[in-house]
Each structure stands twice: as structure tokens, then as C-alpha cells.
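**Student:** turn this into a model:
(5 chains)
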Amino acid sequence: MKLGKVIGRVVSTVKVPAFDGLKLLLVQPVDEQLKAYGDPIVTVDTIRSNIGQIIYYEVSKEASMVLENIMNPCDAAIVGIVDEINTENKL
Amino acid sequence: MKLGKVIGRVVSTVKVPAFDGLKLLLVQPVDEQLKAYGDPIVTVDTIRSNIGQIIYYEVSKEASMVLENIMNPCDAAIVGIVDEINTENKL
Amino acid sequence: MKLGKVIGRVVSTVKVPAFDGLKLLLVQPVDEQLKAYGDPIVTVDTIRSNIGQIIYYEVSKEASMVLENIMNPCDAAIVGIVDEINTENKL
Amino acid sequence: MKLGKVIGRVVSTVKVPAFDGLKLLLVQPVDEQLKAYGDPIVTVDTIRSNIGQIIYYEVSKEASMVLENIMNPCDAAIVGIVDEINTENKL
Amino acid sequence: MKLGKVIGRVVSTVKVPAFDGLKLLLVQPVDEQLKAYGDPIVTVDTIRSNIGQIIYYEVSKEASMVLENIMNPCDAAIVGIVDEINTENKL
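**Tutor:** So this is what the prediction gives:
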């Protein structure tokens, strides 16, 4: 999974049938300092993420697994919202 | 999924049998400012996209899922046309 | 799928059994201007492509689908030969 | 698989149900000199890795295979801890 | 598949059970001139490759297919050893 920041919502009327009703958020990848890198991706969100939040998302086939219908052709989905990144060595 | 702009159509006579009848569009990846980045990819289009439109597409195995025959060896497909990208925080 | 130019043939005697008899071509990725970018990849060819031709190829699991035995561990295959890239807006 | 160094733990309360109970570590990719490159990723750890250790991890669907429930939507997981990289030619 | 040069062996004691007994080689990606590019990856080797040899390897799910147990969570494997790259047009 990768860290990202939600920066927008994608509105789309014409789309493949499998995407009806899915909420699409634009996510900017960020590093552990929350500094942006690379280019934004369009993700499916099922956990009510908001613009501005730091989340982690996944790509490739696994992204479909977070949807109710795992046959949906989704290649990027938000998995969770980040509360904190702990870098002290007491796992 | 990623944002892209349709920039051309790929014409191809000799191809693997599974691709007979598929419409192939050349898509230039763009960021949230619609600025081009990276290199264009060849996508399958099933939603009547046109040259010049901003779309989102997906890659990897999921791309086949938008086709009627999901066994088709397709690794990039257009999912929807973008109406608008909303960056205000009122999800 | 991505655009590429066939630049060589890879000769290999010692290999995993599943690759016996497969024709391997070295492909240089190119953009819509046919300008090279990135690094060459080794693809399986089933459509009699020749050195110098512009083709489109696919990667990841889908590449195996163009082979007779889809269980073959192939992650890159040529899909078709490009006749023309049409950038006028009359789709 | 790729080499990486564990640099942090990701704490996350709101997440998709499949991720309940999974331990998430932030990993910085490193090369064979253990020099950092690229951007950190969020991985699932099942082998009790610690911050500071050099590990190898994998991405894409295969990452789910290291979990008890292989249907989990995980696209990055730690596979093993590196003891040594041997570059002498006596395999 | 991609071209690479075997540059080392990865020794690892603590690992996920599925990796017991697998031989792990560190591979540096190279282009058609055998010039290094990008960062090394950890691959599974089943064809007795040696340090210094030019090989081609594959990534993603297909890599598991070269193993006896295709459920192994392997995302990179050596497929064959390169004898020669032929760039003359007489396929």
C-alpha cells in the first residue's frame, strides 16, 4: 500500500456499468514526511474519507477486494485512514 | 485508475484473435491540472470516448473486466469520462 | 498496452520448461512520435512480428492469455502490429 | 521481491474490515548498498520485523499469499529478513 | 520479461514458511547494451543461474508459475539465461 492525501472528488456520468454508485476520490501520493511525489490517481473510497485526509491505498487486483462485488474492475482503492506514523523502535 | 486525455486511435490489422473488433485509443496520462506526464498508452474503449476528452482508465488484470469477454488479454481500458474534478471539502 | 519497436531477438537455451518453443523478441518502448523511452523488455511473440516493426504489447498476467497455454509464466507479449495512429477527431 | 528497510509503523483506526488486526510497517526501498531510493510503502508484516531491519518484501497479488486469509486485499507484504547479501561467485 | 545480471545471493533465515528452500538471487536490471539501470530486485532462481550471468526474469503473479508450488507468494523469478541477443533482421 502507499501513503496518499485526498485532494479531490472525480465526478463522472458516462462510465462502465460496474462503476455505477462508486465514490471516486483523487489521491496525491505522499512520502513519510507527507511530501507529495509522483502523479495523482483516481481511487475508489468505501470508508468515507474526506478531502485533506492522509490515507493508505492499494493498487492492482487487490483493490477490487475492498468492494462488495470483487468482480468490479477497480485497480485502486483506499484501505484506511492514517492516525499516526510511529518511527520509534518499540514494536 | 489514472486520469488521461484521449489523443489518437490505433489502427491495427495483424493482431491476436482476442483483439478482433476492439476499439483501441491512445491515451496521454495527465495530472489533476490536466498537464501531461509520462508516456501514452494504448487502451481499449467501450464507452465511446472521443479524441480530446478527459477520461480515467485502469491497468493490469482489472482492465479485462470491462470487456464482455473477461478472458481477453487486455491490460488497459477506459473506465469513464470525467465531468469535473471537485476539490472543495464537502464530500 | 504500450507502443514499442522490435529491436532484437533473444536466444536462450537454458530456461524454465514452460518457455520451450516460445519466440522471444526484445522490444523498445516508444511514444506516439515513435521516440524511444525507458528500457527494452523481453516479450513473447505469437503474430510473426519482425525487427523494426512498431507493435503494441501488454504486460502483467494478461500477457499469458495470448498464449495457447495460459498457465505459461509470461508477463509480456506482443498483441498486434500498428498500421497507423490516427489523431484526427472523427472516431 | 525488493530490498527495504523498516522505518516506521502505521497506526490506523478507520480501515476496511479485512485489515483489522494486521500489523502495518512503513518500508523504505534500498539498493544492494542499502542506499535508499524511491518512496516508502506500507507493508503487512507477519514475521515480527523491527524498525531498522533490512528485509525483502513483495508487491501485487502475491503479497496476499503470505496472509492466513489470502482473500485479504493486501498488495505489499514483508517476506523475509535479510541476514547477508553474498556477492562472491560460489553458488 | 526484463534483462538482468545476477549480482549476488540473498541469505535469509527468518522468512514466511512458503519461502523455505527457495534460492534467492539479487538481479540488476540491464538494457540491451547490458548497461545497468534502475535498482536491483530479489528473484527466485530455479535454473541454477550463477553470479555474473545475463538472464531474463519476470515479475508479478506470473513469477509464481515457474515454481513447483504456484501458490507460493513469489513476485519475481528468473526464467532463462541469455545466450545471445540477435539484432539482425532475419527472423
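
**Student:** name the helix or strand for the spatially most central residue of chain A, please.
**Tutor:** Nearest residue to the geometric centre of chain A (Cα atoms, centre = their mean): residue A:78, 2.9 Å. Using DSSP states H and E, the element containing residue A:78 is strand A:76-81.

**Student:** quick one: that strand near chain B?
**Tutor:** Yes: contact of strand A:76-81 with chain B (Cβ under 8 Å from any Cβ of the partner chain) involves residue A:76. All C-beta spots, glycine's among them, are computed from the backbone N, C-alpha and C.

**Student:** ok, now which ones touch the residue nearest to the centre of chain A?
**Tutor:** A:6, A:25, A:27, A:43-47, A:49, A:55-57, A:66 (Cβ atoms under 8 Å, 6 or more residues apart in numbering or on different chains).

**Student:** same check, this time on residue A:47
**Tutor:** Counted by Cβ under 8 Å, 6+ apart, residue A:47 has contacts A:78, A:79, A:80, A:81, D:14, D:15, D:16.

**Student:** and with 7 Å instead?
**Tutor:** When contacts are counted by Cβ atoms under 7 Å, 6 or more residues apart in numbering or on different chains, residue A:47 touches A:78, A:80, A:81, D:14, D:15, D:16.

**Student:** again, but for residue A:24
**Tutor:** A:9, A:10, A:12, A:42, A:44.

**Student:** once you drop chain neighbours, what's closest to the second one?
**Tutor:** Right, residue A:10. Nearest in space to residue A:10, with sequence neighbours left out and distances taken as Cβ to Cβ, 6 or more residues apart in numbering or on different chains, is residue A:24 at 4.1 Å.

**Student:** next one: the fourth one
**Tutor:** Spatial nearest neighbour of residue A:42, excluding adjacent residues (Cβ to Cβ, 6+ apart): residue B:1 at 4.0 Å.

**Student:** what number of residues lie near the one you found?
**Tutor:** 29 (other Cβ atoms under 10 Å in any protein chain shown).

**Student:** quick check, it in contact with residue A:57.
**Tutor:** No: using Cβ atoms under 7 Å, residue B:1 is not in contact with residue A:57; the gap is 11.3 Å.

**Student:** mutual contacts of those two, please.
**Tutor:** Counting by Cβ under 7 Å, 6+ apart, the contacts common to residue B:1 and residue A:57 are residue A:76.

**Student:** still on that earlier bit, whichever helix or strand comes after the strand holding residue A:78 near chain D anywhere?
**Tutor:** Sequence-wise, the next helix or strand downstream of strand A:76-81 (DSSP H and E) is strand A:84-86. Yes: using Cβ under 7 Å from any Cβ of the partner chain, strand A:84-86 reaches chain D at A:84, A:85, A:86.

**Student:** would you mind listing which of those residues are buried?
**Tutor:** residue A:85 (16 or more other Cβ atoms under 10 Å in any protein chain shown).

**Student:** how many neighbours does residue A:18 have?
**Tutor:** Burial of residue A:18, expressed as a neighbour count using other Cβ under 10 Å, amounts to 18.

**Student:** what's the lengthiest strand in chain A in contact with?
**Tutor:** In chain A, assigned by DSSP state E, the strand with the most residues is strand A:2-11. Residues outside strand A:2-11 that contact it (Cβ under 7 Å, 6+ apart) are A:24-32, A:34, A:40, A:42, A:49-57, A:82, B:32, B:56, B:82-87, B:91, D:41-42.

**Student:** from these, which ones fall inside strands?
**Tutor:** Among the contacts of strand A:2-11, the members falling in strands (DSSP E) are A:24-29, A:42, A:54-57, B:56, B:84-86, D:41-42.

**Student:** who does the closest residue to residue A:63 other than its chain neighbours form a beta bridge with?
**Tutor:** In space, residue A:63 comes closest to residue A:77 once its chain neighbours are excluded; the distance is 3.9 Å by Cβ to Cβ, 6+ apart. Per DSSP bridges, the residues bridged to residue A:77 are residue A:44, residue A:58.

**Student:** for residue A:77, give its distance to residue D:15.
**Tutor:** 12 Å (Cβ to Cβ, to the nearest Å).

**Student:** so the two - more neighbours on which side?
**Tutor:** More neighbours surround residue A:77 than the other of residue A:77 and residue D:15, with 27 against 19 (other Cβ under 10 Å).

**Student:** just to revisit the earlier point, could you dump the contacts of residue A:47 to a markdown table with distance to residue B:20 and pLDDT?
**Tutor:** Converted to a markdown table, these look like this (distance: Cβ to Cβ, whole Å; pLDDT from 0 to 100):
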| residue | distance to residue B:20 | pLDDT |
| --- | --- | --- |
| A:78 | 37 | 94 |
| A:80 | 43 | 95 |
| A:81 | 45 | 97 |
| D:14 | 46 | 96 |
| D:15 | 43 | 93 |
| D:16 | 39 | 90 |
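
**Student:** closest to chain E among the residues you listed?
**Tutor:** residue D:16 (20.5 Å; Cβ to the nearest Cβ).

**Student:** okay, stretch A:80-91 in PDB with CA atoms only?
**Tutor:** The C-alpha trace of stretch A:80-91 is given here as PDB (Å, rounded to 0.1, in the frame of the first residue of the first chain):
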ATOM      1  CA  GLY A  80      -7.500   3.000   5.700                       C
ATOM      2  CA  ILE A  81      -7.100   6.400   7.200                       C
ATOM      3  CA  VAL A  82      -3.700   7.100   8.900                       C
ATOM      4  CA  ASP A  83      -3.800   8.200  12.500                       C
ATOM      5  CA  GLU A  84      -0.100   8.300  13.100                       C
ATOM      6  CA  ILE A  85       3.200   7.100  11.800                       C
ATOM      7  CA  ASN A  86       5.400   5.800  14.600                       C
ATOM      8  CA  THR A  87       9.100   5.700  14.000                       C
ATOM      9  CA  GLU A  88      10.300   4.800  17.400                       C
ATOM     10  CA  ASN A  89      11.700   1.200  17.800                       C
ATOM     11  CA  LYS A  90       9.200  -0.300  20.200                       C
ATOM     12  CA  LEU A  91       7.100  -2.600  18.100                       C
END
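
**Student:** how about it, which residues are buried there?
**Tutor:** For stretch A:80-91, burial by neighbour count (16+ other Cβ under 10 Å) applies to A:80, A:81, A:82, A:85.

**Student:** residue D:20: which of these is nearest?
**Tutor:** residue A:80 (10.0 Å; Cβ to Cβ).

**Student:** for the closest residue to that closest one other than its chain neighbours, what are its contacts?
**Tutor:** With sequence-adjacent residues excluded and distances taken as Cβ to Cβ, 6+ apart, residue A:80 is closest to residue D:15, at 3.0 Å. By Cβ under 7 Å, 6+ apart, residue D:15 lies in contact with A:47, A:79, A:80.
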